[in-house]
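Participant: this is a predicted model, with the sequence first.
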2 protein chains.
Amino acid sequence: MAARTTYHHGDLKAALVEAGVAAAREGGEAAVGLNRLAAGLGVSASAAYRHFPEGLEDLLVAVGDVARRRLVERLALRISEVPPSRDAATDARRRFRASGRAYVEYVLEEPGLFQVANRHDRGRLPDADPFGVLESCIGDLVSAGVLGEARRPDAATAAWAAVHGLAVLLTEGPLRRLPPDRRDRAVQRTLDMVEAGL
Amino acid sequence: MAARTTYHHGDLKAALVEAGVAAAREGGEAAVGLNRLAAGLGVSASAAYRHFPEGLEDLLVAVGDVARRRLVERLALRISEVPPSRDAATDARRRFRASGRAYVEYVLEEPGLFQVANRHDRGRLPDADPFGVLESCIGDLVSAGVLGEARRPDAATAAWAAVHGLAVLLTEGPLRRLPPDRRDRAVQRTLDMVEAGL
DNA sequence: GAGGGGCGGTGAACAGTGTCAACATCGATG
DNA sequence: CATCGATGTTGACACTGTTCACCGCCCCTC
């Protein structure tokens, strides 16, 4: 933002994280550097080290936390948008599928944020844990009788692997230049596979 | 390696790639730097630019090509090791599964190489294309009648996504500290899902 | 065999990075 | 008001990738 006039910044930490998020959105991890961000805020680079003791890695983790939090917000939103029906089983199935679609949707919207979310995770803020959302969906599937109790172990891991792998391949990987229609087909096909195979 | 005595190196390009592979094996992408590698070979940093016009990125792609080639070699090996039976269908299924297991196996052995293989791909050396191997396995499944022709489109993509995602989560991702037995369970579970859901 | 061309090396330099230690300043607290 | 801790600055260091002008060496040709 604008250069400041006071000696102290006020809330440099938050400002750096915000700037880091903005930088990551365009340019991914490579774009978030301590010197550049600090300079952009009209602040010395070493000032950042007061707020991020481990240096750059700390900042990247903080940016990743924001990215993960936004991801779970998106998942929750799309899950909540599923219209309830009479059948708990189809409801659980639809919510499960909606979560998978939302995952890919978010990653395609914010590939840069997704990148740093993956690469810099100290893990386990409860409100920034996409795996938890998936597990809860799986729990619903079990409760609704769609998924047998015996099949529960590692079900969330397997489903996550499929969706996450697809997201990686579509954004950073060899599938990154797939045209949108073929991309959608691939997403549908993958979600079909997960639903049928779990 | 040792410092050289002659003015010309002989095959600096190959030597740099080799050193890059060695560096990537321990330390991943971050460990392969042009200056360090050149210095390690007793050579000036700028000498490398004769052989890698685009600079570091070129070298990383070359290292990635080696990694990809080794991966498809591993896949081919494990596929070839599947003992043939009387039933073409179970053969195809076993080979398909073997390829998935081999993928994760290789990635767990060489996480550093896998990292640069993913991040630096200009794609499509025919002998360094793991996706091609998977597609051929899927072709066998179709030929053997295990997979209907209608289900063929994007089947390889979906399967790849699952296995690749699992590999990423297990090496660079949140599942990276999973104990080996739970890791194996997750692999089995994911392959089961793919096999049942394709 | 003598000479040139060019491939493949050198050294210095530049911009930029992360990081740290010593110093300066402000706001709040005794 | 004086002090002190939190916060920002300056300057430096060791790296990084990259480019440039220069030059040593080998091979090919005359």
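Facilitator: Cool, the structure landed. Numbering: from 1, shown residues only, chains lettered A, B, ... in the order given.
Participant: ok, which residues in chain A are in contact with chain B?
Facilitator: Within chain A, the positions near chain B by CB under 8 Å from any CB of the partner chain are A:118-119, A:121, A:123, A:131, A:153-155, A:157-169, A:172-175, A:185-186, A:189-190, A:192-198. Heads up, the C-betas are built off the backbone N, CA and C, glycines and all.
Participant: mind giving me the PyMOL command for buried ones among the residues you listed?
Facilitator: In PyMOL, a selection of the buried entries from those looks like this (16 or more other CB atoms under 10 Å in any protein chain shown):
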select buried, chain A and resi 118+121+131+154+155+157+158+159+160+161+162+163+164+165+166+167+168+169+172+173+174+175+186+189+190+192+193+194+195+197+198
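Participant: can you tell me how far the residue of chain A found nearest DNA strand C sits from DNA strand D?
Facilitator: Of all residues in chain A, A:Gly55 sits closest to DNA strand C, at 2.3 Å by CB to the nearest atom of the strand. Separation of A:Gly55 from DNA strand D (CB to the nearest atom of the strand, to the nearest Å): 12 Å.
Participant: count the neighbours of the residue nearest to that residue when sequence neighbours are not counted for me.
Facilitator: In this structure, A:Gly55 finds its nearest non-sequential neighbour in A:Tyr49, 6.3 Å apart by CB to CB, 6 or more residues apart in numbering or on different chains. A:Tyr49 has 15 neighbours, counted by other CB atoms under 10 Å in any protein chain shown.
Participant: can you tell me the SS state at A:Arg177?
Facilitator: Three-state call for A:Arg177 (DSSP: H, G, I helix; E, B strand; the rest coil): coil.
Participant: ramachandran angles for it?
Facilitator: As for A:Arg177, its main-chain torsions (degrees, to the nearest 10) stand at phi -110, psi 20.
Participant: residues near it, how many?
Facilitator: 8.
Participant: how close does A:Arg95 sit to B:Val194?
Facilitator: Applying CB to CB, to the nearest Å, the value for A:Arg95 to B:Val194 is 22 Å.
Participant: wait, A:Val133
Facilitator: In terms of CB to CB, A:Val133 sits 22 Å off from B:Val194.
Participant: again with A:Leu41
Facilitator: In terms of CB to CB, A:Leu41 sits 47 Å off from B:Val194.
Participant: and for A:Leu108?
Facilitator: The gap separating A:Leu108 from B:Val194 is 23 Å, by CB to CB.
Participant: residues making contact with the strand or helix carrying the residue nearest to A:Gly55?
Facilitator: Using DSSP states H and E, A:Tyr49 sits in helix A:48-51. By CB atoms under 8 Å, 6 or more residues apart in numbering or on different chains, the surrounding residues in contact with helix A:48-51 are A:12-13, A:16, A:34, A:37-38, A:55, A:59.
Participant: stretch A:168-178 now?
Facilitator: A:104, A:107-108, A:111, A:114-115, A:118, A:183, A:186, B:118-119, B:121, B:123, B:131, B:157, B:160-161, B:164-165, B:168.
Participant: next step: these restricted to helices.
Facilitator: Taking DSSP state H, the ones among those that sit in helices are A:104, A:107-108, A:111, A:114-115, A:118, A:183, A:186, B:118-119, B:131, B:157, B:160-161, B:164-165, B:168.
Participant: coming back round to it: now the following helix or strand past the helix holding A:Tyr49 against helix A:111-119, angle please.
Facilitator: Of the helices and strands lying after helix A:48-51 in sequence (DSSP H and E), the nearest is helix A:56-80. Between helix A:56-80 and helix A:111-119, the angle comes out at 110 degrees (axes from the mean of the first three to the mean of the last three CA atoms, to 10 degrees).
Participant: what residues sit buried inside helix A:56-80?
Facilitator: Applying 16+ other CB under 10 Å to helix A:56-80 flags A:56, A:58-72, A:74-75, A:78-79 as buried.
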